[in-house]
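J.: Please find the sequence and the predicted model below.
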Amino acid sequence: MIWVVIPAYNEEKSIGLVLADLPQEVDEVVVVNNGSTDNTVSEAEKAGATVLTESRKGYGYACLTGIHYLKSKAKQGDIVVFLDGDYSDYPEELNALVAPIQQQRALFVLGTRVTPQLEKGALTPQQRFGNALATQLMRWIYGARFTDLGPFRAIEWETLMALDMNDKTYGWTVEMQLKILKKAIPYIEIPVRYRPRIGVSKVSGTVKGTLMAGYKIIGWILIYSLKR
């Protein structure tokens with residue numbers, strides 16, 4: 001089975017578009033409402049998603065809530081896909097993302113936005129710099145082949161459980177990638193399209209969000225380098 005987890009905070013204008021573009025092969029979509037004050041919940045329910053509530057603000061908190069919900073349902077071999085609710089990802093590319101896992105070529109697949117398909121204005125200068133710095137550090141320290149920390153990613157269920165994810169906020173994506181590297185889990189990157197999001201980013205759209213994200217990402221990388 002293919003499960004999709006979408007953290008969402010004030011995405012009423014985009015969440016319906018995201019859900020409409022997901023391929024039919026998806027078995028269930030879980031939208032985790034992370035304290036929205038708009039009509040995100042009603043729009044997600046209208047589109048047929050399972051909607052959960054996580055009042056504690058943070059991308060990681062929302063993802064962990066989605067995982068907790070799946071613990072009574074998912075089983076070995078199932079695939080969990082994470083993507084954002086702002087319509088910056090192209091949900092219709094999900095089949096290409098999960099294919100390497102279905103073909104047993106990888107257990108984790110990252111959709112990299114570092115491609116010619118990246119649309120103008122889709123990533124802010126601070127996002128570009130942060131991604132470049134983080135992935136370069138991972139190459140130097142861990143010999144990683146990652147080129148991005150993109151949110152559109154797929155992972156086999158038992159592999160996800162083995163990672164024991166725990167970051168609650170901005171460090172979620174890099175924590176997952178670092179644990180993939182540490183455990184020598186087979187992974188692959190595939191190029192994905194990426195467009196300017198609908199609405200304002202809750203992270204890169206503010207100075208505080210940008211600084212906190214950078215702090216958490218670099219912190220995770222350095223902490224893991226000391227554990228080697």
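T.: Looks like it arrived, so ask away. Numbering: from 1, shown residues only.
J.: Centroid-nearest residue for the chain?
T.: Note on the chain: the residue nearest the mean C-alpha position is Pro151, at 2.9 Å, using C-alpha atoms, centre = their mean.
J.: Next, the nearest residue to Glu158 once chain neighbours are set aside: secondary structure please.
T.: Leaving out its chain neighbours, the residue that sits closest to Glu158 by C-beta to C-beta, 6 or more residues apart in numbering is Gln76, at 4.6 Å. (C-beta placed from N, C-alpha, C; glycine too.) Recorded secondary structure, Gln76: coil (DSSP: H, G, I helix; E, B strand; the rest coil).
J.: ok, now which ones touch Gln76?
T.: With contacts defined as C-beta atoms under 8 Å, 6 or more residues apart in numbering, Gln76 is in contact with Glu156, Trp157, Glu158.
J.: Give the PyMOL command for selecting the buried subset of the residues you listed.
T.: A single PyMOL command selects the buried members of these (16 or more other C-beta atoms under 10 Å):
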select buried, resi 156+157
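J.: Look at the residue nearest to the centre of the chain and tell me its secondary structure.
T.: Three-state assignment for Pro151 (three-state DSSP): coil.
J.: That one contacts Val81, correct?
T.: No: taking contacts as C-beta atoms under 8 Å, Pro151 lies outside contact range of Val81: 10.4 Å.
J.: So what's the predicted local confidence for Arg197?
T.: Model confidence at Arg197, expressed as pLDDT, equals 89.
J.: For burial, what's the neighbour tally of it?
T.: For Arg197, the neighbour count with other C-beta atoms under 10 Å is 20.
J.: residue contacts, it?
T.: Here Arg197 is in contact with Ser14, Asp84, Asp86, Tyr87, Ser88, Ala122 (C-beta under 8 Å, 6+ apart).
J.: before we move on, what about Glu12?
T.: Contacts for Glu12 (C-beta under 8 Å, 6+ apart) come out as Ser36, Asp38, Asn39, Thr40, Ser42, Glu43.
J.: I'd like to know how far it sits from Lys46.
T.: 10 Å (C-beta to C-beta, to the nearest Å).
J.: related to what we said a few turns ago, let's have the contacts of Arg197 in TSV, adding distance to Gly66 and pLDDT.
T.: Shown next, in TSV, are those (distance: C-beta to C-beta, whole Å; pLDDT from 0 to 100):
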residue	distance to Gly66	pLDDT
Ser14	18	98
Asp84	13	97
Asp86	16	97
Tyr87	19	97
Ser88	19	96
Ala122	24	85
